[in-house]
Structures are given as structure tokens and as C-alpha cells.
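A.B. asks: Dropping a prediction and its sequence here:
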Amino acid sequence: MNTRLVCLATILCLATVRPAAGATIRVPQDFALIQAAGDAAQNGDTILLGTLRDSIWVEDVTLSGKSLIFLSAAGPQRTQIKRRILVTDLGPDDTTKFIGIRWNTGSSRDAISIEKGRFLVKGCVFDSSNECHLNVATISVGIQAQVQVEQCTFVAQPIAVTSYASSSVYVTSCLFVRSCALALGPRGGYLSADYCSFWNNADIADSSVDWGVGNIAFDPELREPDFALLPGSPCIDTGDPLLPDDPDGTRADIGAYIPYRSAGRLYVSTAGDDDSADGSLARPFRTIDLAYFFAVQQDSVLLLPGLYEEHFVFGRTSVRLASSGGAMNTTMSASEPDLPILDFRAGAGNRGTISELTVANAVNASGIFVRSGNHPRIEYCTLIANTPYEGGGVQINGDSTTVYGCLFRDNVATKKGGGVLSGGARHTVIDSCVFHDNHSGDGGPAIVFVGASNDAVITRNVIARNTYYDDYGGPVYLEFTHGVTLLNNTICENVSSNWNAPGAGITIYSCTGVDIRNNLVFSNQGNYGVAILASSSVIVCDYNDLYGNWFDTYMGVTPGPGSVSEYPLTAGYLENYRLLPGSPCIDAGDPSMPVPYGGGSVIDIGALEYQYPVDAGDAGASELPRAFTLNPNYPNPFNASTRISFALPAPAHAALTIFDALGRRVRTLVDGSLPAGRHDLTWDATDAQAQTVSSGVYFYRLDAGGKTETRKMVLLK
């Protein structure tokens, strides 16, 4: 203990985080690059890194002879450096400090290299860097240096800290997790450790480390990827008692101080005030950016009804961004041209959700852009009138992205993909969406997959009245892909302006492993319902109905079992072409596949499974249900009407009520005594005054026999 006190005194107040007297240089506001800011800085200046939005720098920085403070504006959750900073040759009374920054160098290089001077590294996070190159240290301390490393978190590093000859490193209140070599590796210099925690490292240190007091070896209970300590962590309030208290007023933690907050709700309003907001419904934020800054993993950022003109970028924090009042009441629109309205930063690893928003009017950019390294879910959204070069509504480069229950309308792509463009992404799922009146200069006005798309699925989508002008490629266009499944889609009344272009419904160009089953492709103005081009290999092309497309049904493929060419007998555009009684597509799909709820003995061909009516005369004769049940409505999403069924195990007073997204009663479908058995009702998307309601999310609630259950449904027009 005495040795440590002498060390702390020798380093002369390195533990303080208060900037010294001098100018503050902001990056990126004053200088775009850290190197340029460092070159312009004078002794004692502070280089303030980042803004409230996630900030990343990919540059090597080399500085000599300057005493500077590198300080994050928003903490390690928001400020990240992916290369090395080298500082050397400080004056005898100079100290350089690194405070609250995150490093992820991702290659065979140090994060911080320092020598000849005094240094403080405080409150920083170092994660997943260096790929375990054993000759690389995260913090490499060269000759003639005195360094204090305090309250830092090291995750999956090779050698976290080294100290060379004639240097001294004092490590206190640091957390070391999953180091793949040594957590501490002296290389001829002095290195001590006090009040540190070591967990699941390949090795901790060699014998030359001077072990002090307060070191522990317990699971730190970290929440990744922000590395906040979970409640009950043994690292909370167990750091060095000589350090200043944490911002919460308690004893210093072991590891970087990242406030923990359990997931909840943060509200945003066009009438909010960022200066006084706390994210509550009474005091909402004005901007999504600021709400996101305060968000933690799995938070819900809820937008109150209104028009939001904001270019928002998702970083590492995975949240649910949603409307509190449904897509029909909440619109996000372009704040400036050439930028997506909602953007996922490349490599962020975001697994968040976008739900129940209208995303409209992006200019020269996609409405939503999922860049590589992200895996979000986009659900129950309306994407309208976005006008990029490619990928009008949603452009996907990130693996395992799901788009569910969305409406794409009036999006225009100069090239391909008026609705969705998935480029080079794997495991993309487009499910239960509606594509109406989208346009593209080339093929694929609704859906385009280009590049590796292993295990991607396009299923239960209604794709109608979309237009493309030049080149080949139907409303669904696959190019250079592998392993894509097209299952139970309805593709009809789409128009090609090039009469000679093959592929009125589905076009496959130079692809392998494509599975085409149970699709209804009819009345498209273009040649061939399914066109297979450029030596594509299709594994399955079975149980499809291709009827009334120009010229012929198939090109480049021989249809398999169950394939027909019959008039499908469907309802029209306003009812999403649902099958009518007597349709040859009913119970005509692949018999090996499961049947959706409410269907017949075999799955249908097409997107919307025909719903057999419940015979009231047979309900009492069949076996009574054993439990109170409210079934999913079908179809969902729906256009003109949807079927809601439920079961009562005993006679009861039952009320089935429709509510909008704000909880307002829209209509009561039944309110009275009902016998035991199964009951089936239809909602025609009208309110109690018989007025048609608008598109959006609705809820239906069943109250019967002292029990209540609620489900969600989506009306798309």
C-alpha cells in the first residue's frame, strides 16, 4: 500500500479528469481529424472528441512534445477510435491524458503507444482489438514513462498493458475480461496492480507484476456491447478508495464507469424541448438523436404523433424506434437530400427494431439504409415516395435483416429496387409485405436481391401494379444469388414498358439454389411469368399458378409437380387479391408444407390463405374447446377486411373490441352472451359510425369469463 501511495504522489494528480487551463479544440467541429487537431494544439489544450451522435475515427495519430488532454464529449459508449495514438517526448512537467474513449483497433497494432513522459489513461474501454497478436499490447508503454491506468475496461485483448525498461505503470481499478494472452505483461519495466478484477483470461500476468491490494477474480457481470456493470456486479463500488467518487456519488467502480439503466421508454415529440427533457411522456425530447444518446440496450424510443424531419443514424445501441400512435400518425421525412432518413452505421452490430413508422420522401437516398454489420427488424412501417438511385424503401447490406408487415408505395428507383434492394446480404427475410405502385428504371420495381443471399426468404407478399421501364427483370428480380426461397407470393398486374424483356413476375439471373413454390403470378404485362436466365440453377419450381401473363408462362425452366395455369379467381386490388370461394388455388399448394391457421387441408397458392367460414350449425356438435383462446387474425396485414376467431370453453358474456394505437375505442364487434365453442367474426376496417378507418396498427381485445387477451393487427391500404 505504501508503494502505491508513493506512486500516486509521484505522478502528481494524474487522477483528476478536469481539463487544464488552455484552449478546447473540438473534433470534428473544428478539425475533421484528430491528427490535424493535435498538430494545431498547444501545451495544455484539450482535444474534445465527438458529439452526442456516435463518432468514429479511423486514423493513426502521432504527436511529440505536447501535453494534451484527449477527452470524449459523450463517453466510451459514443466515441470510438479504430487506430493507434502515439505520444512521446513530453517535457519534465507535462502530462498527457486519455479520458473516456473507446478503442477497437481491429488489427495488429497498439491502441495507445506512449514513452518519455507522464500519462493518464482513465475511464476508457478497449474491446475486441488486435485479433490476439501476441507481440502487440493494447497500451504499450515505452522507455522513460510514468503511467497511471485507472478505471479502464479491457475485453478480449491480447496483452492489455505492458511496461518496458525504465518505465513505471500503475494499474488501479481496471477490469480485464477474456484476454487471449496476458492481461498484464511487464517487459522489463515496473508494473503494479491494485483493486483490479480478472475474469476468464488466458493468463493474468507474469511473476514480475507487483501485486497490491483489492484485486479480485469474479464474473464482472457485464452487459455487452456497452460494457455497463449489471446490478449486483462484484465490481460496483469496489475500486480504489483513494480515487474520486464516481458520478453517482459512490465509491469508484472497477472498470470504466458506464451508468446502468434498465430498458424502458424514452419519448420524443415535435413539441419537446431538449434542454429540459428527461424522456418522460410529460417532458419528451425534441430530437431522436438526443433520446438515442440517453438510451440503453433494448430501450423503446417512442415518437409521439407528428412529422419528424431528421437524418437519424443508429449506432451500437440496439433500441426499438417506434411510433406511439401508429404509422398513420407519425412520419419521418428527409431533412436534406442525399441522406437516408434512417441509417444504420456500418459495423455497428445493431439488432434493433423500427416499428410502426411512415418513412417518406427521401431524396436521392433510400428511406432506410441497413449497412453491413447490422441485423435489424423493420416491421409494420409504411415506406412511401422515396427516390434513390437503388433501393427506394429499404436498402439492405446487413445480414439477417427482417422486413415484416410493411407497405411499400410510390417509391421510385432510378436503377433497380423500387421497394427493397438487398445487396450482398445473407439471411434477408421479406415477409407479409405489400408492394403497390413502385417504380424502377430497370427491373425489380418491388424486390431485388443481388449478390450472396444465402437462406434468404421472400414470402407471403402481395406485389401488384409496380412498373419498370427498361432492361429485363420482373417485379421480383434475383441476380448472382444463392439459396433464395420464394414462397406463397401473389404477383399480379405489374407492368413492363419493354415488351421484349423477359420476366413478367419473377426473374432469376445467374443464380443457384432457388426455391419457387406456391406463388400466384397472373395478369402481368410482360413476357413469361417466371424467367430463368444465364445458366441459373433452380432446385424447386413447383405448385405455382401462372396465368394471363404476356407471351408464355415459363422461360428456362420446366415446372414441377402441382404447377398449373388457371384463372385464380381473386378479389381485386383493394382486397389484396385474396382468394374467392371456388378458386383453383385453394388447397392447391405443396402438401408437404404446414397450413396457416384457418386454412384447409393443404396450403394454398398465393399470399393470403383462404379462410374457411365457421359453420355455426356444427359448432355445438364438435368437441368443445378446452381453454379460452383468442387466435391471430387473418390475413395480417390486411386491406379491406380481416377475420378474428376465438374459443370459449363455457358460455360467457364476451366483448370483442377494436382499439387504435392510441388506445381509443374504434368499434365493438360483439358484446353479449355467447355459447361455448368456436366463434368467427370479420372486421371490415370501419368504425362505429361505419366510416372507413386509416392505415395503421390496431389492437383487438377479447374480454370473456373474467379473462382478457389482446392481439395486434395491421391495416395496409
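C.D. replies: That came through fine.
A.B. asks: Report the mean confidence score over stretch 27-44.
C.D. replies: Stretch 27-44 comes out with an average pLDDT of 94.
A.B. asks: what's the span of it, first residue to last?
C.D. replies: End-to-end span of stretch 27-44 (Cα to Cα, to the nearest Å): 16 Å.
A.B. asks: from the middle of its chain, how far away would it be?
C.D. replies: Taking Cα atoms, centre = their mean, to the nearest Å, one finds stretch 27-44 lying 33 Å from the centre of the chain it belongs to.
A.B. asks: Same check on stretch 475-484?
C.D. replies: Distance, centroid of stretch 475-484 to centroid of chain: 23 Å (Cα atoms, centre = their mean).
A.B. asks: Can you give the contact residues for that stretch?
C.D. replies: Around stretch 475-484, the neighbours that count as contacts under Cβ atoms under 8 Å, 6 or more residues apart in numbering are 416, 435, 443-458, 463, 466, 468, 473, 486, 489, 491, 494, 503, 505-515, 524. Bear in mind the C-beta positions are built from the backbone N, C-alpha and C, glycine included.
A.B. asks: Narrow these to those in strands?
C.D. replies: Among the contacts of stretch 475-484, the residues falling in strands (DSSP state E) are 435, 447-450, 456-458, 463, 468, 486, 491, 506-509, 512-515.
A.B. asks: now those residues: which count as buried?
C.D. replies: Among the ones in strands among the contacts of stretch 475-484, those scoring as buried are 435, 447-450, 456-458, 463, 468, 486, 491, 506-509, 513-514 (criterion: 16 or more other Cβ atoms under 10 Å).
A.B. asks: need the contact list for residue 354.
C.D. replies: Counting by Cβ under 8 Å, 6+ apart, residue 354 touches 321-322, 342, 368, 376-379, 381.
A.B. asks: Skipping adjacent residues, who's closest to the residue positioned nearest the centre of the chain in space?
C.D. replies: With distances taken as Cα atoms, centre = their mean, the residue of the chain nearest its centroid is residue 376 (2.8 Å). The shortest distance from residue 376 to any non-neighbouring residue, by Cβ to Cβ, 6 or more residues apart in numbering, is to residue 352 (5.3 Å).
A.B. asks: same thing with residue 628?
C.D. replies: In this structure, residue 628 finds its nearest non-sequential neighbour in residue 707, 4.8 Å apart by Cβ to Cβ, 6+ apart.
A.B. asks: in whichever strand or helix holds residue 712, what's buried?
C.D. replies: Secondary structure from DSSP states H and E places residue 712 in strand 707-715. Residues 711, 713-715 are the ones in strand 707-715 that count as buried (16+ other Cβ under 10 Å).
A.B. asks: Between the residues you listed, which sits nearest residue 694?
C.D. replies: Of all those, residue 715 has the smallest distance to residue 694: 7.7 Å, by Cβ to Cβ.
A.B. asks: Hmm, residue 698 and that closest one touching each other?
C.D. replies: Yes - counting by Cβ atoms under 8 Å, residue 715 does reach residue 698; the two are 6.2 Å apart.
A.B. asks: Run me through the strand neighbours of the helix or strand hosting residue 532, direction for each.
C.D. replies: Per DSSP H and E: residue 532 is located in strand 530-533. Strand 530-533 sits in its sheet next to strand 506-509 (parallel), strand 554-555 (parallel), going by DSSP bridges.
A.B. asks: could those go into TSV alongside distance to residue 220 and mean pLDDT?
C.D. replies: Listed next are the strands paired with strand 530-533 as TSV, based on distance: least, Cβ to Cβ, whole Å; pLDDT from 0 to 100:
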stretch	distance to residue 220	mean pLDDT
strand 506-509	51	91
strand 554-555	60	88
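A.B. asks: Need these in TSV (columns: distance to residue 406).
C.D. replies: Putting these into TSV (distance: least, Cβ to Cβ, whole Å) gives the following:
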stretch	distance to residue 406
strand 506-509	20
strand 554-555	30
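A.B. asks: okay, now the domains of the chain?
C.D. replies: Here the domain parsing of the chain from automatic domain parsing is 2-10+50-217, 388-572, 616-715.
A.B. asks: what distance separates the start and the end of the longest one?
C.D. replies: For domain 388-572, the first and last residues are 30 Å from each other (Cα to Cα).
A.B. asks: got it, and stretch 160-169?
C.D. replies: Using Cα to Cα, the end-to-end distance of stretch 160-169 comes out at 12 Å.
A.B. asks: For that stretch, what does the pLDDT average out to?
C.D. replies: 85.
A.B. asks: contact partners of it?
C.D. replies: The contact list for stretch 160-169 (Cβ under 8 Å, 6+ apart) reads 7, 115, 126, 137-147, 149, 154, 171, 176, 179, 182-192.
A.B. asks: Pull out the buried positions in that stretch.
C.D. replies: Across stretch 160-169, burial judged by 16+ other Cβ under 10 Å covers 160-164, 167-169.
A.B. asks: Please apply the same query to stretch 22-30.
C.D. replies: By 16+ other Cβ under 10 Å, the buried positions in stretch 22-30 come out as 25, 27.
A.B. asks: residues making contact with that stretch?
C.D. replies: With Cβ under 8 Å, 6+ apart as the criterion, stretch 22-30 contacts 31, 33-34, 37, 40-51, 55, 57, 73.
A.B. asks: For residue 77, state which of the contacts of residue 354 is nearest.
C.D. replies: Nearest to residue 77 among these: residue 321, at 17.5 Å, using Cβ to Cβ.
A.B. asks: Contacts only, for the closest one.
C.D. replies: Residues near residue 321 by Cβ under 8 Å, 6+ apart: 288, 301, 303, 312, 314, 342, 352-355, 357.
A.B. asks: Highest neighbour count among these?
C.D. replies: In terms of neighbours by other Cβ atoms under 10 Å, the contacts of residue 321 top out with residue 357 at 28 neighbours.
A.B. asks: burial count for residue 120?
C.D. replies: 22.
A.B. asks: what do you get for residue 250?
C.D. replies: Number of residues near residue 250 (other Cβ under 10 Å) recorded here: 12.
A.B. asks: For this structure, just list every one of the helices.
C.D. replies: All helices of the chain, identified by DSSP state H, fall at 2-10, 34-40, 288-294, 616-619.
A.B. asks: hang on, isn't the residue nearest to residue 376 packed against residue 316?
C.D. replies: No - with contact defined as Cβ under 8 Å, residue 352 and residue 316 do not form a contacting pair (10.0 Å).
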